[in-house]
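Undergrad: structure of the sequence below:
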Amino acid sequence: MMIGAIEAGGTKFVCAVGNTVGEIRESVKFSTRGPQETLNDVIDFFKNKEIDGLVIGSFGPVVINKFKNDYGCIKDTPKLLWKNFNLVLYIKKYLKVEIILTTDVNIAAYGEYVFGNGKGYKNIFYSTIGTGIGGGFIQNGNIFSGDSHLESGHILLPKESEDLDFKGVCPYHDGCFEGLASGPSIEARLGKEGFEIKKDNPVWDLLARYIAKACVNYTLTLSPDILIFGGSVSSQQQLYPKVRKYFLRDMNNYVDIIDVDKYIIPAKLGNDAGIKGCLAFGRTRFAR
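TA: Alright, predicted model coming up:
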């Protein structure tokens, strides 16, 4: 079985064809432009490929509930050319193949669940902290969703005392996780991107406290077996000892975490998580 995979990100699209054990046979990437220009490149890549199905992990917010009339539609995105654009309907005009759609974070979570640091666990929560913050929850092998997908980057957090005057970078909330701890929040505070900042800068301690608070919320709400973090901010390894320390402090023994060093961990697959997640998800869904 060969699976088509699309990681539809706000910055770039990655398209690939691979097999059911996660081997990528062929792939291409290109920058995200307007929908028609971008998707024409997608269609050109797949049009002569023999695939059994196509799995898409898309930036959002996007309608992933297939029982809704606007299934496949990208909603109130800051990428204005894509606002209210139906990704699934457009691709189906040109590629006569079954399509499964979820979010880019959900599919990366599934990649970590099958091939990465979530392998062997039943319930994993995966969060990406980079340009934005998103999350996906794999529960007993299934991608969790309700009426829509999770928006775990927008949980509201109490501000730290030295951060009270910082409004955050989220245009919707003054004090959500994404607004306080994403990559752009670092640049808004210091005028530099994260990779330019020394590892002993106090900003990392501040971000660790916010990430720890989010970890407490995710633990108490979803009770996962493990919390896995990907994304550019999460690749800063100096964060993890701090996050674990503040997590234990804030949890205050309410929930017993046996080994916090194995509970809050970085992702394994890096940039391949989304594509490998598409292949793994397609393997189970198209086989049915």
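Undergrad: element containing the most centrally placed residue in the chain?
TA: The residue lying closest to the centre of the chain (C-alpha atoms, centre = their mean) is residue 105, at 2.3 Å. Secondary structure assignment for residue 105, by DSSP states H and E: helix 104-115.
Undergrad: export only the CA atoms of that helix, formatted as CSV.
TA: Output of helix 104-115 as CSV, limited to C-alpha atoms (Å, rounded to 0.1, in the frame of the first residue of the first chain):
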residue,chain,number,x,y,z
ASP,A,104,-0.8,19.5,11.1
VAL,A,105,-0.3,19.1,14.9
ASN,A,106,-2.6,16.1,15.1
ILE,A,107,-0.8,14.3,12.4
ALA,A,108,2.6,15.1,13.9
ALA,A,109,1.3,13.7,17.2
TYR,A,110,0.3,10.5,15.4
GLY,A,111,3.8,10.3,13.9
GLU,A,112,5.3,10.5,17.4
TYR,A,113,2.8,8.0,18.6
VAL,A,114,3.7,5.4,16.0
PHE,A,115,7.3,6.0,15.2
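Undergrad: which parts of whatever helix or strand comes next after it are buried?
TA: Where DSSP H and E defines the elements, the next helix or strand beyond helix 104-115 is strand 123-129. Neighbour-count burial for strand 123-129, counted by 16 or more other C-beta atoms under 10 Å, picks out 123-129. Glycine gets a C-beta too; all of them are placed from N, C-alpha and C.
Undergrad: from those, which single one is nearest residue 233?
TA: If you rank those by distance to residue 233 using C-beta to C-beta, residue 129 comes first, at 4.1 Å.
Undergrad: report pLDDT for the closest one.
TA: What the model reports as pLDDT for residue 129 is 96.
Undergrad: from residue 211, how far off is it?
TA: 7 Å (C-beta to C-beta, to the nearest Å).
Undergrad: for these two, list the residues in contact with both.
TA: By C-beta atoms under 8 Å, 6 or more residues apart in numbering, residue 129 and residue 211 have these common neighbours: 181, 229.
Undergrad: contact partners for residue 145?
TA: 64-65, 102, 106.
Undergrad: just the buried residues from those, in ChimeraX please.
TA: In ChimeraX syntax, the buried subset of the contacts of residue 145 is picked out as below (16+ other C-beta under 10 Å):
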select :64,102,106
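Undergrad: max pairwise distance over the contacts of residue 145: which two?
TA: Across these, the longest distance by C-beta to C-beta is 12.6 Å; it joins 65 and 106.
Undergrad: once you drop chain neighbours, what's closest to residue 149?
TA: Nearest-residue entry for residue 149: residue 103, 4.9 Å, with adjacent residues in sequence omitted and distances by C-beta to C-beta, 6 or more residues apart in numbering.
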